[in-house]
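Engineer: compute the structure for the input listed below.
(4 chains)
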There are 2 protein chains.
Amino acid sequence: MPKGGARDTRQRLIDAGRKLIATRGFKGTSIRALTEEAGANLGAVTYHFGSKEGLYQAVLEEVVAPFRNQVLLIKDMPLPSLQRVEYFIRGMFQHLRENPDMPRFMVQEIVLGDSPGPQILEIIGLVAPVLIGIIHEGQASGTIRQGDPVLMALSTLSQPIYLSIMPPVLAGEELKKAGVPQPRLSPEDHAVEFVLRSLEAREEEDE
Amino acid sequence: MPKGGARDTRQRLIDAGRKLIATRGFKGTSIRALTEEAGANLGAVTYHFGSKEGLYQAVLEEVVAPFRNQVLLIKDMPLPSLQRVEYFIRGMFQHLRENPDMPRFMVQEIVLGDSPGPQILEIIGLVAPVLIGIIHEGQASGTIRQGDPVLMALSTLSQPIYLSIMPPVLAGEELKKAGVPQPRLSPEDHAVEFVLRSLEAREEEDE
DNA sequence: TTTCATATCATACAAACGTATGAATGAAAA
DNA sequence: TTTTCATTCATACGTTTGTATGATATGAAA
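Structural biologist: As a prediction, the model looks like this:
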């Protein structure tokens, strides 16, 4: 087998990690399941990543990395605040469409264990200030209503994450049988309208 | 040891399950950790619940049960739609305050595994139609704007869940050091305003 | 070709896991 | 008291777990 083939195995292990850990969790995914999925030897994880935890960190890094740039892009867009919020939401939806496993990893990191890992904290530490900054700016210029910018940012962030996870759940057989209706609109368009209506200042309330 | 002491052990095991599984996950919590936390014998889980899965189901049931009534209460309140939405949000916040482990279990159930367990599906199948019904009614009477009632319900539900999980994360040491500010308002009041502003119909848009 | 570092392989190992078993215990029923 | 039965207990069993080991294979460098 080729020397350059190492990259292949390494990458296939990361791919297997993204696939399996996203839905089974870290503890619920064995090294044997990972190596089998990747078509690699049992020792491959230890060899390439040192440990199962090492592979997990690599997976997390790959899941999170492309999102960093996406955020920084929107950060410095010379647009009105509300429009930048819209771009932010749409950009996040697009990223979640291309990386449907990302919210699963984020949610696992946030809900399980004492505190999220460094990659997730870094992403939060990057995303939150950007959104908060946009909102703060909009408040200063009067296009966004008064209110706590931190909570407004959290509520905004919640929509792409939540609305990319829940509709598939509603589409499950049991819930359809129970008579739970399916969404008709695009979750993305809905999220934009839902958030912007909450954030925008109204004429009658100007101060 | 007393015969009635059985109930004690059984309940202590459920308590231990609520405490440990909420933050470590099902796979991440061993029977030995559970029985030790409960001050019970290793065999206690098998004896009282048949298996680890059996204990988990009992835990899930206890976490979810009191929420059922809460929902049914609001369902038939003779109030304007928007006000019922507000009561819904506040009721959910209160329940999450009293049962801070609930969102962790729900999130685990939804994110991990192929599909959520029956208890969670039941709760969703109960809550969603109620909220959707309220919204639909508000749209009929003109107090709630047009739009997909299912997505509106999802966005409404997202707020108590998300805003009861995230602020503690933001309060973590690493993020505070990174300069992420803390919320100043009460998340509950914010959520109510955020959602109601999104849902309410405005005069200028009346049709 | 020979050398050499890198990567893959089949195994092995100790630890942790969920579960099963049978004896001990002790309050209630006889 | 004796019997009974639900519960607790220490312990054991077979699997699965993450990791370690040493041999083998492979492509580039010498």
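
Engineer: quick one: what helix or strand has the residue most central in space within chain A in it?
Structural biologist: Note on chain A: the residue nearest the mean C-alpha position is A:Pro103, at 4.1 Å, using CA atoms, centre = their mean. Following DSSP states H and E, one finds A:Pro103 within helix A:102-111.

Engineer: buried set for the helix or strand hosting A:Gly138?
Structural biologist: Following DSSP H and E, one finds A:Gly138 within helix A:118-141. If you call a residue buried by 16 or more other CB atoms under 10 Å in any protein chain shown, then helix A:118-141 has these buried ones: A:119-132, A:134-136, A:138-139. (Glycine included, C-beta is placed from N, CA and C.)

Engineer: report the contact partners of the closest residue to the residue nearest to the centre of chain A other than its chain neighbours.
Structural biologist: Sequence neighbours aside, A:Ile161 is the residue nearest to A:Pro103 in space, at 4.9 Å (criterion: CB to CB, 6 or more residues apart in numbering or on different chains). By CB atoms under 8 Å, 6 or more residues apart in numbering or on different chains, the residues touching A:Ile161 are A:Met92, A:Leu96, A:Pro103, A:Met106, A:Val107, B:Tyr162.

Engineer: again, 10 Å this time
Structural biologist: A:Ile161 is in contact with A:Met92, A:Phe93, A:Leu96, A:Met102, A:Pro103, A:Met106, A:Val107, B:Ser158, B:Tyr162, counting by CB atoms under 10 Å, 6 or more residues apart in numbering or on different chains.

Engineer: ok, the fourth one touching A:Gln94?
Structural biologist: I take that to be A:Met102. No. Using CB atoms under 10 Å, A:Met102 is not in contact with A:Gln94, being 11.7 Å away.

Engineer: higher neighbour count, those two?
Structural biologist: A:Met102 (22 against 13; other CB atoms under 10 Å in any protein chain shown).

Engineer: which stretches of chain A have low pLDDT?
Structural biologist: A:1-7, A:204-207 (pLDDT under 70).

Engineer: wait, does stretch A:52-60 make contact with chain B?
Structural biologist: No. Using CB under 10 Å from any CB of the partner chain, stretch A:52-60 never reaches chain B; the gap is at least 13.2 Å.

Engineer: buried residues, that stretch. List them.
Structural biologist: For stretch A:52-60, the neighbour count (16+ other CB under 10 Å) marks A:Lys52, A:Leu55, A:Tyr56, A:Gln57, A:Ala58, A:Val59, A:Leu60 as buried.

Engineer: which stretch of helix or strand covers the last one?
Structural biologist: Using DSSP H and E, the secondary-structure element containing A:Leu60 is helix A:52-75.

Engineer: anything in the helix or strand following that helix near chain B?
Structural biologist: Of the helices and strands lying after helix A:52-75 in sequence (DSSP H and E), the nearest is helix A:81-98. No. Remark: helix A:81-98 sits outside contact range of chain B, by CB under 10 Å from any CB, the gap being at least 12.0 Å.

Engineer: just to revisit the earlier point, I'd like the distance between the residue nearest to the centre of chain A and DNA strand D.
Structural biologist: Distance, A:Pro103 to DNA strand D, using CB to the nearest atom of the strand, to the nearest Å: 23 Å.

Engineer: quick one: contacts for that residue?
Structural biologist: Counting by CB under 10 Å, 6+ apart, A:Pro103 has contacts A:Ala22, A:Val63, A:Met92, A:Leu96, A:Pro160, A:Ile161, A:Tyr162, A:Leu163, A:Ser164, A:Ile165, B:Val111.

Engineer: those also near DNA strand D: which ones?
Structural biologist: Among these, proximity to DNA strand D is found for none (CB under 7 Å from any atom of the strand).

Engineer: alpha carbons only: can I get the helix holding A:Pro103 in CSV?
Structural biologist: Taking Å, rounded to 0.1, in the frame of the first residue of the first chain, the C-alpha atoms of helix A:102-111 are listed here in CSV:
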residue,chain,number,x,y,z
MET,A,102,-22.3,20.1,12.7
PRO,A,103,-25.3,20.9,15.0
ARG,A,104,-25.2,17.4,16.3
PHE,A,105,-21.6,17.8,17.4
MET,A,106,-22.2,21.2,18.9
VAL,A,107,-25.2,20.0,20.8
GLN,A,108,-23.4,17.0,22.1
GLU,A,109,-20.5,19.2,23.2
ILE,A,110,-22.7,21.7,24.9
VAL,A,111,-25.1,19.3,26.6
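
Engineer: buried sites along that helix?
Structural biologist: Those would be A:Met102, A:Pro103, A:Arg104, A:Phe105, A:Met106, A:Val107, A:Gln108, A:Glu109, A:Ile110, A:Val111, for helix A:102-111 by 16+ other CB under 10 Å.
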